[in-house]
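J.: Dropping the sequence and predicted coords here.
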Amino acid sequence: MIKAVAFDMDGLMFDTEALMMNAWHAVGKRAGYEIPPRVVKKTIGLNAETTRLIFRDEYGPDFDYTGLRNQRIEWVAAYIAENGIPVKQGLPELLQYLQDANIPFTVTTSSSQSRTEYNLEIAGLRAYFTKPLVCNDAVKNGKPAPDIYLKAAEVLQVSPEDCIALEDSPMGILSAHRAGLKPIMIPDLVQPNAETQSLLYRQFASLSEVIPFLESETAKPQLRF
């Protein structure tokens, strides 16, 4: 039985993966590097340290990952400050549904606590989240390790198998699966391959499809003996 929901953030709640792709391209060009979508897609769903290793393998040990990452963060922040944060279709309605149905939920993201708080505030959605947010700062090992989703189940006070994980990335799906949650993928920039599909509990085109799914799941009769 589904008793709780864990949300990934970038690419799932907010259309920020494409923003970060554009930002990496822009700051890379200024520094004399070509950073194409192919490289950025490898990092989706991963924390900063794992992403650093991917960039090192791609561009060599002299690549100033920390410096360019800080520029990328500034680029995205400036864009959001001027234009707002692009919210994914169906997110506000889903949060309202969960609140009305008394289904607990939280965010489980590879981003920092401060950036997660900022994104939720600027989107006008922070008040929905009454449970502690589960960010990369709160765990030792980032996705695809299970730590962040095990922590989410603890925060939500449910068994992992009673919680769905809404994710857009294969690494996030793997993390949720390893933790014992029910992984649901709503692809953004990366489509699931056969290996990822084998781990999925469900796959939807948008968050708008999650409400009828939850309604059908909670309406299933419970066997009594």
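T.: Arrived safely. Numbers count the residues shown, from 1 in each chain.

J.: C-alpha from now on. contacts and neighbour counts both.
T.: Fine.

J.: pretty sure Gln99 belongs to a helix, no?
T.: Yes - in this structure, Gln99 lies within a helix as judged by DSSP: H, G, I helix; E, B strand; the rest coil.

J.: Tell me the spacing between the nearest residue to it once chain neighbours are set aside and Gly180.
T.: Spatial nearest neighbour of Gln99, chain neighbours left out: Tyr128 (7.3 Å); criterion: Cα to Cα, 6 or more residues apart in numbering. Applying Cα to Cα, to the nearest Å, the value for Tyr128 to Gly180 is 25 Å.

J.: on that earlier part again, can you report how many residues lie near the residue nearest to Gln99?
T.: If you count neighbours by other Cα atoms under 10 Å, Tyr128 ends up with 15.

J.: cool, the one 4 residues further on as well?
T.: Look at Pro132: counted by other Cα under 10 Å, it has 13 neighbours.

J.: Give me the distance from the helix or strand where His25 lies to the chain's centre.
T.: For His25, the host element (DSSP states H and E) is helix 17-30. From the chain centre to the centre of helix 17-30 is a distance of 19 Å (Cα atoms, centre = their mean, to the nearest Å).

J.: That helix: which residues count as buried?
T.: Neighbour-count burial for helix 17-30 flags 17-28 (criterion: 16 or more other Cα atoms under 10 Å).

J.: Distance to Gly67 added to those, as CSV?
T.: Shown next, in CSV, are the buried residues of helix 17-30 (distance: Cα to Cα, whole Å):
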residue, distance to Gly67
Glu17, 20
Ala18, 20
Leu19, 18
Met20, 15
Met21, 16
Asn22, 17
Ala23, 13
Trp24, 12
His25, 14
Ala26, 14
Val27, 10
Gly28, 11
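
J.: quick check, nearest of the residues you listed to Ser169?
T.: Glu17 (10.4 Å; Cα to Cα).

J.: okay but that closest one is in contact with Gly11, surely?
T.: Yes - using Cα atoms under 8 Å, Glu17 is in contact with Gly11, at 5.2 Å.

J.: Need the overlap of contacts for the two.
T.: With contacts defined as Cα atoms under 8 Å, 6 or more residues apart in numbering, the residues shared by Glu17 and Gly11 are Leu189.

J.: what would the buried residues of helix 17-30 look like in a markdown table with distance to Ile54 and pLDDT?
T.: What follows is the buried residues of helix 17-30, written out as a markdown table (distance: Cα to Cα, whole Å; pLDDT from 0 to 100):
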| residue | distance to Ile54 | pLDDT |
| --- | --- | --- |
| Glu17 | 17 | 90 |
| Ala18 | 18 | 90 |
| Leu19 | 19 | 92 |
| Met20 | 16 | 91 |
| Met21 | 15 | 93 |
| Asn22 | 18 | 94 |
| Ala23 | 17 | 95 |
| Trp24 | 14 | 96 |
| His25 | 16 | 95 |
| Ala26 | 18 | 96 |
| Val27 | 17 | 96 |
| Gly28 | 15 | 96 |
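
J.: If you count contacts, what does the helix holding His25 end up packed against?
T.: Where contact means 3 or more Cα pairs under 8 Å, 6 or more residues apart in numbering; DSSP states H and E, helix 17-30 is packed against helix 37-42, helix 65-83.

J.: Low-confidence stretches in this protein?
T.: Within the chain, the segments meeting pLDDT under 70 span 219-225.

J.: All the strands of it, residue numbers only.
T.: For the chain, the strands defined by DSSP state E cover 4-7, 105-107, 163-167, 182-185, 202-203.

J.: Of these, which is nearest Glu34?
T.: strand 163-167 (28.3 Å).
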